[in-house]
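J.: This is a predicted model, with the sequence first.
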Amino acid sequence: MAYVAVKGGSEAIEESIKRLTFERIHTQQVLEIEAIMAGMQGMIDQVMSESSLYSELLAALAIKQAQGNMEEAVFLLRAHRSTLPRNYYTRVIETDNMFVERRISASFKDIPGGQILGASYDYTHRLMDFNLLSESKEAMQKWLLEYEQESQHSSGALTLQSLPKVVAFLQKEGLFPTYEEDQAEPLDVTKRSVQFPTTRSERLQILTRGQTGAVTSLGYAAIRGYGAVHPTVGELRVGKLPLTVAYPMDRTNDEENDLYIGQIKVTEVESFIPITTKNEKNEEEIEFEIGYGICYGQNETKAIAMSILDQALENGNQDYPTHDEEFILMHIDSVESTGFISHLKLPHYVTFQSKLDSVRKIKKGTIQHEK
Amino acid sequence: MKNKTHFALMDEGSKKEIRRATLKAVAIPGYQVPFASREMPIARGWGTGGLQLTLSIIGKEDVLKVIDQGADESVNAVNIKKLVHHTTGVETTTETEDATIIQSRHRIPEVPVTEKQIIVLQVPIPEPLRLVEPSEMKTKQLHGEKEYSGAWLMLFEQIMKYGKTATYADHPVFVHDRYVMAPSPIPRFDNIKMNDSKALILLGAGREKKIYAVPPYTKVTSLAFEDYAMEVESFAGKHCSLCHSTDVFLDELVNEETNVTYYQCNDTSNCLATLNEKEKVVEVGIGNA
Amino acid sequence: MHDKPILHVVNLKKQYGPGCAVCSHNHEVALEKNRCPECGTVFACNDLSFDVYPGEILGVVGESGSGKSTMMKCLYFDEEVSSGEAYISCYEEGETNVFQESSQKLRHIRNTILGMVYQNPVLGLKMDFSSVGNIAEKMIAAGDRNVNRMENRSKVLLEHVHIPIARMKDEPKKFSGGMQQRVQIAKALSNHPPILLLDEVTTGLDLSVQASVLDLIKTIQQELGISMIVVSHDLAVIRMLADRTMVMLDGRIIEQGLTDQILENPQHAYTQQLVYSLI
């Protein structure tokens, strides 16, 4: 009963919070926001993606305040998001126009525009680099200088161009069905709670907001045997997308007058997934469909897993939990799952007393019965 | 960058949406109204449904009381009270009589509530049929068709197995003879207080994104068969070791030294009030002597 | 059979697939068995019309895939019909096509007028609930809120179907196949339904167990005068139980009449084949 005496709860809480501050600052190292932004891009990307708020500065602040605890940082940003009025939606973005930094295809070796490896851990050896224990600014500058000279000598200078999608070439060959563009306004899951069965726009929003680990694990389950998705990464691209909003005073809705409000970095994945469909003769046929994944920042595993789950939910299958939209969508949100798990730490004295009462009465009953 | 929090934290658009859902809930007693639950500065499962209700209905003139499993001083109650005060500046209280809004987790106060008060209950699992049917889509249909055999069958099975119903807190209720509703995990002892309540009772589930309500003077009955009444928790022969009250919900405690079980009021503010009352009587008695 | 039928079914149709210009208009000619060669649509039940009279047992016989089970599922509203009508004389004076009713009303009809015994007990019983709970479920659904009354009724029914009362609190998963079928029958009878649907209830049971279940059904029908539809691929079962019989093939009724007549003098080639194989 230590933490709910009749009185004294308030003081205990104050002391606990003080202790938390102490733990954060007692070594007297000021962790600069700039340092987090410069060196912790992976954390920033994950926090922005899970909290569905794109701001590197606020994400860095949340990471600092949460002492690097990711669920806590996401939580802070989500709570902050609730205080912000949402007045505009951006124009629809065509990801063909992405300023690509990285772009690979696992389906075709030779894709128009080429494979662009960009920055990735994929090709590194995961060996501890003990040199980083004592990194110097001089060494950094030296490395950078050499890198710059190298790139000047290399032949293919980087040109910013819009790269066509891999799927577009397949569509030309008739291997992918061409769908009519769906102009229906997406439902905003942050303004209206989802109702089952859901629409794809709702599913994609919840998946992209999902906790990285949860999305990854469930996507993994769906391809390992607790699901029936067999994907190939058709295209994975990482890069920046420009955002615009319609000029609020402009009644003509003319895109010429749009306002540019900044750019976001995203990871986008289109997985090619064979599925069985029925043709006009009601006979089964195999066709390819696209599983779609997109998230803020460079979160490649999450984006691929998302594309798997998108497809799994699109073709619901009673036999596997990973194809059940309620099972997936209701359990992958970081703030929701961590909140409910952590609430178990709250006092449950009344509920437990009620349980005890019930159990005792039943026991008494059976004993009397046996007599 | 904006760095001052808005009155009652949420932007007005969000608060309006929650109030619209609340009005709908009041209009259809016991029906779970979906709403776009916002993330709060406290964790999901820690009362975000209740908090969003409180924040969306609170005005500058209100007086707030927050209790957690009966206690005003429980960590979470203190925390929520602090947050609301911090973002609104409204007065808080531990006296049930003084409060206009009472946010509570898992208890309804022992002191009878009035028409001027609103009780906001925090709800972990708003769906009373969840144990019978895991799918949200199906439970929604069952409510629509008023098909509650599943809930009744569960009680029937318990009677067959144990000779009595074996529910504990959150014993389902029937509201206005229409919807079966989860009263939130209040003890069975408190279910009775919901019937014909003078105060409006709002229930909010943040994580599950549902708001529902019991308007004042609404019929609320606990699910029970004709020949097996719902039994409330009994504290017969027991009393609060502090204020000696008998007809209240008691916490069971164990004296660490003597290992003897003793009891204390679960509603701490009512316990204090009773104690103060007794002291007054004693003082008056002494004064008269 | 001068009475008004208790169940009157007209042109019950259940199709899987969209249908096309060929099969929607003139399927008499076009279908291969029950499937449209053009669009692949399967007509599981194709314009079934029949009556069931008070107190009689109507037998339905046919090979697997002939549409018998689909018809039963449609009659118990487990499956939605594609088109067709059904009238029940004790529901709104037999004036309302029940296939058009809301799901809430269908539930009411199922709970008060119909009883169903499935071939697979998993469909009809909650395997993890007590047997008495399983029987009570149907009474609860029909609005009973008295534990003692439901418990007593369950005991009577269990006795009736020869399940020892000592085992009434056991879950059906602990029972043999024959016992599970008997619990299903008890459950189906709990609300005194005027119509009972039995779908291949003895299939998969030992011969001796089969005989006892069939005996039970016959006794119940004689004692309670319930109208029944009994579906079986086994003509022997039909011969033992049914007053009248209809023969199904490829989603259609190809022959119907008094059971004796059909056995003595089968008209359709398929029925002849069935009858001769029985001898």
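T.: Now that the structure is in, tell me what you want to look at.

J.: what number of residues lie near the closest residue to residue C:20 other than its chain neighbours?
T.: Distance criterion C-beta to C-beta, 6 or more residues apart in numbering or on different chains; nearest residue to residue C:20, sequence neighbours excluded, is residue C:39 at 3.7 Å. Glycine gets a C-beta too; all of them are placed from N, C-alpha and C. Using other C-beta atoms under 10 Å in any protein chain shown, the number of residues around residue C:39 comes to 21.

J.: Phi first, then psi, for residue C:39.
T.: phi -110, psi 0 (degrees, to the nearest 10).

J.: Would you confirm that it contacts residue C:24?
T.: No. When contacts are counted by C-beta atoms under 8 Å, residue C:39 is not listed as touching residue C:24 (9.1 Å).

J.: excluding its backbone neighbours, what's nearest residue B:175?
T.: residue B:30 (3.0 Å).

J.: Can you check the pLDDT for the residue nearest to residue C:20?
T.: In the prediction, the pLDDT value recorded for residue C:39 is 82.

J.: which residues does residue 109 contact?
T.: Since no chain was named, I'll use chain A. Contacts were defined as C-beta atoms under 8 Å, 6 or more residues apart in numbering or on different chains; by that measure residue A:109 touches residue A:115.

J.: wait, I meant chain B there
T.: Residues touching residue B:109, when contacts are defined by C-beta under 8 Å, 6+ apart, comprise B:67, B:96, B:102, B:267, B:269, B:270.

J.: if we go to 10 Å?
T.: Under the criterion of C-beta atoms under 10 Å, 6 or more residues apart in numbering or on different chains, the neighbours of residue B:109 are B:65, B:67, B:70, B:96-97, B:99, B:102, B:117, B:119, B:190, B:193, B:199, B:267, B:269-270.

J.: anything in stretch C:179-193 near chain B?
T.: No. Applying C-beta under 10 Å from any C-beta of the partner chain, one finds that stretch C:179-193 is not in contact with chain B, the shortest distance being 12.1 Å.

J.: For that stretch, C-alpha coordinates in PDB please.
T.: Taking C-alpha atoms only, stretch C:179-193 is exported to PDB below (Å, rounded to 0.1, in the frame of the first residue of the first chain):
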ATOM      1  CA  MET C 179     -23.800 -38.000 -27.700                       C
ATOM      2  CA  GLN C 180     -22.900 -34.700 -29.300                       C
ATOM      3  CA  GLN C 181     -25.700 -35.200 -31.800                       C
ATOM      4  CA  ARG C 182     -28.100 -36.000 -29.000                       C
ATOM      5  CA  VAL C 183     -27.200 -32.800 -27.200                       C
ATOM      6  CA  GLN C 184     -27.700 -30.900 -30.400                       C
ATOM      7  CA  ILE C 185     -31.200 -32.500 -30.700                       C
ATOM      8  CA  ALA C 186     -32.000 -31.600 -27.200                       C
ATOM      9  CA  LYS C 187     -30.900 -28.000 -27.800                       C
ATOM     10  CA  ALA C 188     -32.900 -27.800 -31.000                       C
ATOM     11  CA  LEU C 189     -36.000 -29.000 -29.100                       C
ATOM     12  CA  SER C 190     -35.600 -26.600 -26.200                       C
ATOM     13  CA  ASN C 191     -38.200 -24.100 -27.300                       C
ATOM     14  CA  HIS C 192     -40.800 -26.500 -28.600                       C
ATOM     15  CA  PRO C 193     -40.100 -25.500 -32.200                       C
END
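
J.: Could you give me the buried positions within it?
T.: Of all the residues in stretch C:179-193, those buried under the rule 16 or more other C-beta atoms under 10 Å in any protein chain shown are C:179-191, C:193.

J.: from the middle of its chain, how far away would that stretch be?
T.: Distance of stretch C:179-193 from its chain centroid, counting by C-alpha atoms, centre = their mean, to the nearest Å, is 13 Å.

J.: rewinding a little: shared neighbours of residue C:39 and residue C:24, which are they?
T.: Between them, residue C:39 and residue C:24 share these contacting residues under C-beta under 10 Å, 6+ apart: C:18, C:30.

J.: helix, strand or coil for the residue of the stretch 101-250 of chain C found nearest chain A?
T.: Ranking the residues of the stretch 101-250 of chain C by distance to chain A (C-beta to the nearest C-beta) places residue C:169 first, at 13.2 Å. Under DSSP: H, G, I helix; E, B strand; the rest coil, the three-state class of residue C:169 is coil.

J.: Wait, it touches residue B:163, no?
T.: No. Shown here, residue C:169 and residue B:163 do not form a contact pair, counting by C-beta atoms under 10 Å, at 11.2 Å.

J.: For chain B, which segments count as helices?
T.: The residue ranges that make up the helices of chain B, judged by DSSP state H, are B:12-27, B:48-57, B:75-88, B:136-144, B:149-162, B:188-194, B:268-288.

J.: Of all the ones you listed, which one is nearest chain C?
T.: Between chain C and the helices of chain B, the shortest gap by C-beta to the nearest C-beta is with helix B:149-162, which sits at 4.2 Å.

J.: counting contacts, what elements does the closest one pack onto?
T.: For helix B:149-162, the elements it packs on are helix A:349-370, helix B:136-144, strand B:179-181, helix C:131-141, helix C:147-160, judged by 3 or more C-beta pairs under 10 Å, 6 or more residues apart in numbering or on different chains; DSSP states H and E.

J.: who does the third one pair up with?
T.: Right, the one you point to is strand B:179-181. Counting by DSSP bridges, the strands paired with strand B:179-181 are strand B:173-175 (antiparallel).

J.: still on that earlier bit, most neighbours of all the contacts of residue B:109, which one?
T.: Most surrounded of the contacts of residue B:109: other C-beta under 10 Å gives residue B:70, at 33 neighbours.

J.: List the contacts of the residue nearest to residue B:246 when sequence neighbours are not counted.
T.: Spatially, and ignoring its direct neighbours in sequence, residue B:246 is nearest to residue B:239 (4.8 Å; C-beta to C-beta, 6+ apart). Contacts here follow C-beta under 10 Å, 6+ apart; on that basis residue B:239 touches B:245, B:246, B:247, B:248, B:250, B:262, B:263, B:264, B:265.

J.: Switch those residues over to JSON lines; also include distance to residue A:142 and pLDDT.
T.: Conversion of those to JSON lines gives the following (distance: C-beta to C-beta, whole Å; pLDDT from 0 to 100):
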{"residue": "B:245", "distance to residue A:142": "79", "pLDDT": "92"}
{"residue": "B:246", "distance to residue A:142": "82", "pLDDT": "91"}
{"residue": "B:247", "distance to residue A:142": "82", "pLDDT": "90"}
{"residue": "B:248", "distance to residue A:142": "76", "pLDDT": "93"}
{"residue": "B:250", "distance to residue A:142": "74", "pLDDT": "92"}
{"residue": "B:262", "distance to residue A:142": "74", "pLDDT": "91"}
{"residue": "B:263", "distance to residue A:142": "75", "pLDDT": "92"}
{"residue": "B:264", "distance to residue A:142": "71", "pLDDT": "91"}
{"residue": "B:265", "distance to residue A:142": "73", "pLDDT": "92"}
